[in-house]
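1. Sharing a model prediction with you, sequence too.
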Amino acid sequence: MNEHFTRRDLMHNAARGVVLATLGGGAGFLVRKANGQVVWQVDSARCLNSRLGEVGVAACSLCTTECVVSLSAVRAVNEHSRCGRCNICPAYFKITSAVDERGLPSEKLCPRDAITRKPIGKADPEDPANNFYDYLIDEEKCDGCGKCAMQCKEPLGLGSIVLKIRYNRCVDCNRCAISRACPKDALVRIPVTRALT
Amino acid sequence: MQYRQVAVIGGKGSGPSQFATSLRGIALDFAGNIYAANDSHITLFDAGGRLKRRWSTSQPVHSVAVAGSGAIYTGQIRQIEIFDDAGKLVHTWRDEALLGRVTSIGFVNGDVLAGDATGRAIRRLDCTGKFRNNIGRDNPLNGLLIPNGVVDFGVDAHGVIHAANPGKHRVERYAPTGELLGHIGHFHGTDPAGFGGCCNPTNVAIRDRLYVTEKAGPRAKVHSFSGELEAVIASDVFEANCKNMSIAVDRRGRVYVADTVQLAIFVFEPVAL
């Protein structure tokens, strides 16, 4: 096994570990809250950053600024089954930035550099346009600002990135501070059983 | 070169010349009649935009093309239905594997080309519907990258197939046998000479030049065959959320673009400067 592969495997396993720890922590929280209770979640069909039809407006960052938890309990989540795996992902790149010598936008969109990308499947090292890419969001860096979700949604992208409350971070306020500020009433109570599925 | 809008055909509604829920494809015949693939119908307008006829397809229709014989080919899920010029069904080609979702149809050297968005390939079929070969399947590595969900192409006078490869921000040229001959186009987020967004251009039409549409923001453009931008035909008239706008060009150089949200066909003509 060469060194390149070893590093890649290590990074992949580390990312997988973070995801599993996040899911495990969240699941534990939900199990403790079971017995018919409800929890807060972002309704992506209402959220300004992901609802269809809202184009040409700035991303809403109230999930970041209003949450009582440090760095917010909201994270951007890429639903990989819906992701187009684009070469030029508008959630990863600032697509209006200057084009570099590889033909790619020279700036990234995420202000916290929380998204990484790597080619998947058959890859052409000479021409990035020939490849599919996997986009992973580092939840330790993400603060739920919503910029990537806003750029990912239709018609620019496929809407695979949405904002979600992470239950290993949420402290379950009776009246969620984000819900009070949200202009679209996108913070909703859902049954624990639905949050677990 | 500049263009001006000269007509709007159809529109959203339940009237006889309107489209209820979808407008996915448009095509022209030699006389300039306009065929719209809308809902589960083919709606036929004369060259002046007046309704001539409408008939039903068995399923929602995703594309339409008119052969030199006058036969009307309609792309659907897992099948192509072929109608005569009176709108009577004459053939149905069904194929679960090769015709997953037929989002474009064309003709080359007596064969039929079907853009299958499910298989991300153009299927070349003979005149009886028998499969001959794939085009764009693995050229050069991952084939047609279509996050937008549509395979679209045009065929030039020399039989070269110009296929949109929006994930690569290119229009690729193929021989009917499937050989990749070259491409034009590059990404650019602000310069209209390039193709912007995650995946553009989405749709292609060929006449004397290369006509394309893009999404987010929606616009129609003309490029030379060597890739130079010749004109932005229009952008502001299209609804901001529309994507996969079918485009067609007639012998006079009039350009027809299907707005998939307003469900209207916008017609533009070149303005002599």
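-> Done, it's in.
2. ok, which stretches of chain A are strands?
-> A:38-42, A:74-78, A:115-120, A:132-137, A:161-165, A:187-191 (DSSP state E).
3. closest one to chain B among those?
-> Closest of the strands of chain A to chain B is strand A:132-137, at 6.2 Å (criterion: Cβ to the nearest Cβ). In short, each C-beta sits where N, CA and C put it, glycine included.
4. Give me the distance from that closest one to the chain's centre.
-> Centroid displacement of strand A:132-137 relative to its chain, using Cα atoms, centre = their mean, to the nearest Å, is 11 Å.
5. average model confidence for it?
-> Summarised as a single mean, pLDDT over strand A:132-137 is 97.
6. Show me what it is packed against.
-> strand A:74-78, strand A:115-120 (3 or more Cβ pairs under 8 Å, 6 or more residues apart in numbering or on different chains; DSSP states H and E).
7. Provide a list of residues in contact with the residue most central in space within chain A.
-> Nearest residue to the geometric centre of chain A (Cα atoms, centre = their mean): A:Ala76, 2.2 Å. Residues in contact with A:Ala76, defined by Cβ atoms under 8 Å, 6 or more residues apart in numbering or on different chains, are A:Ala114, A:Ile137, A:Cys142, A:Gly144, A:Cys145, A:Gly146, A:Cys148, A:Ala149, A:Ile161, A:Val162, A:Leu163, A:Lys164.
8. got any ranges where the chain has weak pLDDT?
-> You didn't say which chain, so I picked chain A. For chain A, applying pLDDT under 70 flags the ranges A:1-24, A:31-36, A:197.
9. wrong one, chain B
-> B:273.
10. tell me which parts of the stretch 51-200 of chain B are close to chain A?
-> Residues of the stretch 51-200 of chain B lying close to chain A (Cβ under 8 Å from any Cβ of the partner chain) are B:140-142, B:145, B:147, B:167-170, B:186-190, B:194, B:196-199.
11. Buried among the residues you listed? Need that as a selection in ChimeraX.
-> Selection of the buried residues among those in ChimeraX, burial being defined by 16 or more other Cβ atoms under 10 Å in any protein chain shown:
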select /B:142,145,147,167,168,169,170,186,187,188,189,194,196,197,198,199
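12. Among the residues of the stretch 51-200 of chain B next to chain A, which ones are in strands?
-> Per DSSP E, these map to strands at B:Arg170.
13. State the number of residues packed around the residue in chain A positioned nearest to chain B.
-> Nearest to chain B, among the residues of chain A, is A:Gly84, at 2.9 Å (Cβ to the nearest Cβ). Residues near A:Gly84, counting by other Cβ atoms under 10 Å in any protein chain shown, number 23.
14. There's contact between A:Asn130 and B:Pro140 in this structure, I believe.
-> Yes - judged on Cβ atoms under 8 Å, A:Asn130 makes contact with B:Pro140 at a distance of 6.3 Å.
15. Could you report the neighbour count for A:Ala129?
-> A:Ala129 has 23 nearby residues by other Cβ under 10 Å.
16. Quick check: closest non-adjacent residue to it.
-> Distances taken as Cβ to Cβ, 6 or more residues apart in numbering or on different chains place B:Lys168 nearest to A:Ala129, at 4.1 Å, with adjacent residues excluded.
17. Repeat that for B:Gly196.
-> The shortest distance from B:Gly196 to any non-neighbouring residue, by Cβ to Cβ, 6+ apart, is to B:Gly189 (5.2 Å).
18. Return the residues of chain A in contact with chain B.
-> A:52-53, A:55-56, A:84-90, A:95-97, A:99, A:103-105, A:121-124, A:129-132, A:154-158.
19. Spatially central residue for chain B, please.
-> B:Ser246 (4.5 Å).
20. Run through the residues that contact it.
-> Applying Cβ under 8 Å, 6+ apart to B:Ser246 gives the contacts B:Leu23, B:Arg24, B:Gly25, B:Ile26, B:Ala37, B:Ser63, B:Asp152, B:Asn203, B:Thr213, B:Val257, B:Ala258.
21. From what I see, A:Ile178 and A:Leu62 are in contact.
-> Yes - assessed by Cβ under 8 Å, A:Ile178 is found in contact with A:Leu62 at 6.2 Å.
22. quick revisit: pull out the buried members of the residues of chain A next to chain B.
-> A:84-90, A:95, A:99, A:103-105, A:123, A:129-132, A:154-158.
23. returning to that earlier point: what is in contact with A:Asn130 and B:Pro140 at once?
-> Common neighbours of A:Asn130 and B:Pro140 are listed as A:Asp124 (criterion: Cβ under 8 Å, 6+ apart).
24. Mind listing the strands the helix or strand harbouring B:Ile122 pairs with, and their directions?
-> For B:Ile122, the host element (DSSP states H and E) is strand B:121-125. Using DSSP bridges, strand B:121-125 pairs in its sheet with strand B:111-116 (antiparallel), strand B:131-135 (antiparallel).
25. hang on, the earlier thing: any idea which of the strands of chain A is most buried?
-> strand A:161-165 (a mean of 25; mean count of other Cβ atoms under 10 Å in any protein chain shown).
26. about what we covered before: of all the strands paired with strand B:121-125, which one comes closest to B:Gly217?
-> Of all the strands paired with strand B:121-125, it is strand B:111-116 that lies closest to B:Gly217, at 24.1 Å by Cβ to Cβ.
27. what's next to the closest one, contact-wise?
-> Strand B:111-116 is contacted from outside by B:63, B:67, B:73, B:75, B:80, B:98-107, B:121-127, B:129, B:132, B:135, B:150-153, B:155, B:161, B:163, B:176, using Cβ under 8 Å, 6+ apart.
28. change it to 6 Å
-> Identification of contacts with strand B:111-116 by Cβ atoms under 6 Å, 6 or more residues apart in numbering or on different chains yields B:99-100, B:102-106, B:122-126, B:151, B:153.
29. Nearest residue to A:Met150 in space, please, no chain neighbours.
-> Nearest to A:Met150 is A:Ala59, by Cβ to Cβ, 6+ apart, at 3.9 Å.
30. how many neighbours does that neighbour have?
-> 15.
31. Repeat that for the one 4 residues further on.
-> Burial measure for A:Cys63: 29 neighbouring residues, criterion other Cβ under 10 Å.
32. Please report the distance of the closest residue to it other than its chain neighbours from B:Gly11.
-> If the residues on either side of it in the chain are set aside, A:Cys63 comes closest to A:Val74, at 4.0 Å by Cβ to Cβ, 6+ apart. Note on A:Val74: its distance to B:Gly11, by Cβ to Cβ, to the nearest Å, is 41 Å.
33. now do A:Cys176
-> For A:Cys176, the distance to B:Gly11 (Cβ to Cβ) stands at 43 Å.
34. next one: B:Asp250
-> Distance, B:Asp250 to B:Gly11, by Cβ to Cβ: 21 Å.
35. So for those two, which sits in the more crowded spot?
-> Of the pair B:Asp250 and B:Gly11, B:Asp250 is the one with more neighbours under other Cβ under 10 Å, namely 19 against 15.
36. The more buried one: what's it in contact with?
-> B:Leu28, B:Gly32.
37. please redo it, this time with the cut-off set to 8 Å
-> Neighbours of B:Asp250 in contact, by Cβ under 8 Å, 6+ apart: B:Leu28, B:Gly32, B:Ala47, B:Arg207, B:Tyr256.
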